[in-house]
Structure formats: C-alpha cells, structure tokens
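Student: 3D model of this:
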Amino acid sequence: DDELQTDGNRSGHFQNGELELAPTNEEVIRIIAAQLAQIGDQFDKELLQGRVVNDLVQHFLNENLSTEEITLHLSRVVRELARAIPSDMEQERAMLVLAMLLTKKIVNTVPSLLHRAFNATRNYMNQQFHNYIVEMVSPTAL
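Tutor: Sure, this is the predicted structure:
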C-alpha cells in the first residue's frame, strides 16, 4: 500500500534491498499536500486553542489508556472541531487535516509522544478515511 506522508511525499517499501514506489502521479500528490497544508494553516489560526491540544496531550500521556481509547478520544475531538468548519468545505478533507494538525501539535508539545500519537492517528485515519484517501490520490481523481 502506498502511504501519503504529511509532507507530500510518498513512502516506499523495500523489496530485495531496493526502495520500490507504487506508481502514482507525483504532481497530484504534491498539489493535494499543498492544499492540505493550506487548510491546516487556516485551521491552526482559527480553530485550535491551547486547551484542546493540552487536553489531547493529557490523554496521550495517560499510560492506562489503550491506543483504541486514545483513537476514540481523538475522533471525538476532531468531530467537535469539525462543527466549526465552514459548510462549503468538504467534511472528510477538513477532518483529515484536523487529525493531522492535532497530531503535529501534540508531538510539538511533547516529542516523546510521537510513536503513540502517530499510531492513534494512523488508526483513526484508517478507520475513518481509508477510502477517501485512496480516492483522493487515485489517478482517476484527476
């Protein structure tokens, strides 16, 4: 499976010691990444307040919570923030950006949470947006 990275690059997989990339349109992925980054910047200015991030950080720091419980909490926070998204913006795209932006802010606040935050966000994105992401980067989306 080809994975979309937040910096707009594709991840590859090693096969027989060589990096193998799935065939996709690099330019389309770069355009999508630029659009997501622009939306993220807008959301960062307008929607995210310190207490939202701090609350998430506390959940991620709680060792008693499983990755599934943290993923559910992340999902609730994203849904709550999504209520403030303009109605003319595509909900799936906005929620995807919110999840990535929240993860970035969590890791910037407490770098040691990188692994846990990444896993919870990946789980959330796979559960909620797998088909949307596949459709967004597919050659037929052009």
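Student: name the element the residue nearest in space to the middle of the chain belongs to?
Tutor: Nearest to the geometric centre of the chain sits Met100, at 2.9 Å (CA atoms, centre = their mean). Mapping Met100 onto the secondary structure by DSSP states H and E places it in helix 91-109.
Student: next one: that helix to chain centre, how far?
Tutor: Going by CA atoms, centre = their mean, to the nearest Å, the spacing between the C-alpha centre of helix 91-109 and its chain's C-alpha centre is 5 Å.
Student: Moving C-terminal from it, which element do we reach first?
Tutor: Once the chain leaves helix 91-109, the next helix or strand it forms, by DSSP H and E, is helix 114-137.
Student: can you give me the angle that following helix makes with helix 91-109?
Tutor: 160 degrees (axes from the mean of the first three to the mean of the last three CA atoms, to 10 degrees).
Student: For helix 114-137, buried residues please.
Tutor: Using 16 or more other CB atoms under 10 Å as the test for burial, helix 114-137 gives 116-117, 120-121, 123-125, 128-129, 132-133, 136-137. C-beta here means a position set from N, CA and C on the backbone, and glycine is covered the same way.
Student: With pLDDT and distance to Ala34 as extra columns, can I get the residues you listed in TSV?
Tutor: As requested, the buried residues of helix 114-137 are exported to TSV (pLDDT from 0 to 100; distance: CB to CB, whole Å):
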residue	pLDDT	distance to Ala34
Arg116	92	28
Ala117	92	23
Ala120	92	26
Thr121	91	20
Asn123	90	26
Tyr124	91	23
Met125	89	19
Gln128	87	23
Phe129	82	19
Tyr132	79	18
Ile133	76	16
Met136	73	13
Val137	71	14
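Student: Poorly predicted segments of this protein, please.
Tutor: Low-confidence regions of the chain, defined by pLDDT under 70, span residues 1-25, 47, 139-142.
Student: The residue nearest to the centre of the chain and Tyr124 touch, don't they?
Tutor: No: using CB atoms under 8 Å, Met100 makes no contact with Tyr124, being 10.1 Å away.
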